[in-house]
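> show me how the following folds:
(one chain, ligands or ions: 3)
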Amino acid sequence: MQILVFNAGSSSLKFGVFSVATETHEVFRGSYERFRDGKCEYRFRHRETDERGTASFDNPGEALKGVPDALKRFGVNAIDAIGHRIVHGGAKFSSPTLVNDETVEAIEALTPLAPLHIPANLKAVELCRSLWPDIPQVAVFDTAFHLSNPAFVTTYAVPARWREAGLRRYGFHGTSHKYVAERAADEIGRPLSDLQLVSIHLGNGASVCAVNRGHSMDSSMGMTPLEGLVMGTRSGDVDPGAFGFLSRELGLSVQEIEDALYDQSGLKGLAGSSDMRDIEDRAAEGDPQAQLAIEIYAYRAKKYVGAYAAAMGGLDAIVFTGGIGENSPSMRRRICDGLAVMGLQLDHDRNIAVSLTGQAAPQIQAYGSRVRVLVTETAEQRMIARETATALAGGRSDGGLRLPIAVSARHVHLSRDAVDALFGKGYVLNQAVALRQPGHWAANERVTLVGPKGRLERVAILGPLRQRTQIEVSRTDSFALGIEVPVRDSGKLEATPQVTIEGPSGSFTTDGLIIAARHIHTNPVDAKRLGIEDGEYVDVRVGDPDRGLTFGRTLVRVGDNAFTEVHIDTDEANAAGIDVAATGELVQI
Ligand SMILES: Nc1ncnc2c1ncn2[C@@H]1O[C@H](COP(=O)(O)OP(=O)(O)O)[C@@H](O)[C@H]1O
Ligand SMILES: CC(=O)OP(=O)(O)O
Ligand SMILES: [Mg+2]
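Ligands and ions are numbered 1, 2, ... in the order given. This next block holds a predicted model:
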């Protein structure tokens, strides 16, 4: 399968053609960058050809116009699918998603949260839809990798009303951080799940990510790609008090302040150019503004390395990537200097000698440095090609698919007979709350379970009524009752123990007491997307990187209208240390 990939960044348009089978092979690589005075530099690489030149495009969105011709000229225009980097996916897009009108509309709505990127991202989508209306397109989101961040990372300490309106942290460059972490683990020769990594992506946009045992735990960008490091034209962290100050002192509007923070700040604001190559050249010639800009840039990045080592409580390696991370030995040196206190020391010769080709990921720490230092070219386009192919194959999309977790506390499903005995003949239970599974509800009424050891009071009743009464408790509950209870799939009630249920009008003794085996409810559409089938057992990773667990042998139950969610009981939830809003993910086989 040949996949065309677009990566419209804030300062560059990168694109590529990949042939994806068991391996992902880069067929063609193109870029337009260094936009200034209505011109830009292009570079096309295909087999032995490496062609450079200048073109008359003003910005990455404009440069899209050059792509169809370039593809034709190099004879790489036989395309089966298209993958797009989309910088912001909000909370909605946790995995690569087929582009249609609805997806485009949802992405468009996020434009104010990534104004330097989404317009160009969507321009690429539009271009492809008009040129190749019959070729499937997939959106791959920068934010998806970070949706695993815990609530204490994603939550800003602001009024509830703002949070309810959607103000929260996301994080970006996820495709890059994920690739870099995987590449580093390969190079180090240890599983990603064992490693605590800090990925440092320094491009025109720049961010640092704490990759804690394979999951993004935190990253320096926030709700928008404005928070965090100093960037080409973006400020990174500033005191939010700046808004009041600038409004009072300079009479600036919110829009004017925001525009300046995105477009006129960062390296450009500090030293007049957004391009690190210019800044480094000028600093070397003695320009004090350029020198200060470099110092600020490195200092900010260094602070995040320290912060994330603290956040994860450990650090095995840091990895540099992005145009500056890959190409500037002096910036790597500045960021690493002084980190010996954390067991990190650079080898200066190795640092200078770095020359990256393909997927090389040289280690440049000094001998004896406890923390490793790696450099690797980011591979956003390659990852997007891979994820596009996986998404179109309807397969499991590389750990990206989040499954909501529902924790079932002890409850009973009653038969008509049982309701009659407990509440009186013909009694109708009152539906108090609807559950997420369509048609299911919890009743207002409660019952008591009675065993030889003790009683469990105020046990929930879940409707609708069933043919057979089923009582679901946790293993802990089974000790409180004093009854040995087997783990069973719902409905498999042969030879299950008896228990007495008490209601206001009488008691009912019945078999059907079980510890419910954990399971996933899903519908045919989601099952296909997840690559799972009814009756199959899968592994589900639940909870945060510290206390989370992988639950093996989780039964898949596909039902026509089911809401996709994982059901575990309170013992399992406690063991995995999860809270109410938890999600899990399928573990790749
Ligand atoms: N040899 C180099 N030395 C220092 N900086 C470099 C070098 N090559 C590229 N850069 C910097 O990398 C940045 C662009 O990074 P890149 O990852 O290509 O951007 P984008 O975020 O648009 O994808 C620019 O600031 C550029 O100056
Ligand atoms: C999110 C972001 O800043 O992307 P880029 O570095 O490509 O501008
Ligand atoms: Mg980039």
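
> let me see the contact set for the residue in the chain positioned nearest to ligand 2.
Residue of the chain nearest ligand 2, by C-beta to the nearest ligand atom: G205 (1.9 Å). Every residue, glycine included, has its C-beta placed from N, CA and C. The contact partners of G205, taken as C-beta atoms under 8 Å, 6 or more residues apart in numbering, are 9-10, 116, 172-173, 221, 225, 231-232, 234.

> redo that, cut-off 7 Å
The contact partners of G205, by C-beta atoms under 7 Å, 6 or more residues apart in numbering, come to 9-10, 173, 225, 231, 234.

> same thing with D237?
Applying C-beta under 7 Å, 6+ apart, we find D237 in contact with 227-228.

> neighbours of R45, just the number please.
Using other C-beta atoms under 10 Å, R45 has 17 neighbouring residues.

> what about it, is that helix, strand or coil?
Using DSSP: H, G, I helix; E, B strand; the rest coil, the three-state assignment for R45 comes out as strand.

> dig out what it forms beta bridges with.
Bridge pairing for R45 (DSSP bridges) gives the partners R29, D50.

> gap between it and ligand 3?
18 Å (C-beta to the ion, to the nearest Å).

> tell me the pLDDT at that residue?
R45 is assigned a pLDDT of 95 by the prediction.

> what of A151?
With respect to pLDDT, A151 scores 89.

> next: G189.
For G189, pLDDT reads 95.

> measure it to ligand 1 for me?
G189 is 27 Å from ligand 1, where distance means C-beta to the nearest ligand atom, to the nearest Å.

> not counting sequence-adjacent ones, nearest residue to the closest residue to ligand 1 within the stretch 51-200 of the chain?
Using C-beta to the nearest ligand atom, the single residue of the stretch 51-200 of the chain nearest to ligand 1 is P60, 7.8 Å away. Excluding the flanking residues, the one nearest P60 by C-beta to C-beta, 6 or more residues apart in numbering is L13, at 4.0 Å.

> how much space between the one you found and R34?
According to C-beta to C-beta, to the nearest Å, L13 stands 11 Å off from R34.

> when the two are compared, which one has more neighbours?
L13 (27 against 16).

> got a list of what the more buried one touches?
Residues in contact with L13 (C-beta under 7 Å, 6+ apart) are 31-32, 60, 63-64.

> could you redo the last one with a cut-off of 6 Å?
L13 is in contact with 32, 60, 63, counting by C-beta atoms under 6 Å, 6 or more residues apart in numbering.

> from the residues you listed, which land in strands?
Secondary structure assignment (DSSP state E) places Y32 from the contacts of L13 within strands.

> if any of the contacts of L13 are buried, put those into a PyMOL selection.
With 16 or more other C-beta atoms under 10 Å as the criterion, this PyMOL line picks the buried residues out of those:
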select buried, resi 32+60+63
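
> which neighbouring elements make contact with the longest helix belonging to the chain?
Criterion DSSP state H: the longest helix present in the chain is helix 288-312. Helix 288-312 sits against strand 196-202, strand 206-212, helix 266-271, helix 276-284, helix 329-336, with contacts defined as 3 or more C-beta pairs under 6 Å, 6 or more residues apart in numbering; DSSP states H and E.

> re earlier: let me know the closest of the contacts of G205 to L252.
Ranked by distance to L252 (C-beta to C-beta), the contacts of G205 are led by R234 at 17.1 Å.

> so that closest one is in contact with E227, correct?
No: using C-beta atoms under 6 Å, R234 is not in contact with E227; the gap is 9.1 Å.

> now do stretch 117-124: everything it contacts.
Under the criterion C-beta under 6 Å, 6+ apart, residues 6, 8, 60-61, 64, 84, 86-87, 111 lie in contact with stretch 117-124.

> dump the C-alpha coordinates for stretch 333-341 into PDB.
The C-alpha trace of stretch 333-341 is given here as PDB (Å, rounded to 0.1, in the frame of the first residue of the first chain):
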ATOM      1  CA  ARG A 333      25.600  20.700  25.100                       C
ATOM      2  CA  ARG A 334      24.000  23.700  26.800                       C
ATOM      3  CA  ILE A 335      21.000  21.700  27.900                       C
ATOM      4  CA  CYS A 336      23.000  18.800  29.300                       C
ATOM      5  CA  ASP A 337      25.700  20.900  31.000                       C
ATOM      6  CA  GLY A 338      25.200  20.900  34.800                       C
ATOM      7  CA  LEU A 339      23.000  17.800  34.900                       C
ATOM      8  CA  ALA A 340      25.800  15.700  36.400                       C
ATOM      9  CA  VAL A 341      23.900  16.200  39.600                       C
END
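
> rounded mean pLDDT for that stretch, please.
For stretch 333-341, the mean per-residue pLDDT is 97.

> how about the protein, which residue sits the furthest from its center?
Computed with C-alpha atoms, centre = their mean, the residue of the chain farthest from its C-alpha average is K425, at 52.6 Å.

> ok, it to G506 distance?
Going from K425 to G506 by C-beta to C-beta gives 11 Å.

> same check, this time on L549
Computed as C-beta to C-beta, the L549 to G506 distance reads 41 Å.

> now A442
Here A442 is placed at a distance of 22 Å from G506 (C-beta to C-beta).

> compare neighbour counts for the two and give me the winner.
Taking neighbours as other C-beta under 10 Å, A442 and G506 compare with A442 leading, 17 against 12.

> in space, not sequence, find me the middle residue of the protein.
The centre of the chain sits closest to F145, judged by C-alpha atoms, centre = their mean, with a distance of 2.0 Å.

> setting the sequence-adjacent residues aside, check what's closest to that residue.
Excluding its sequence neighbours, the residue lying closest to F145 (C-beta to C-beta, 6+ apart) is G174, at 3.0 Å.
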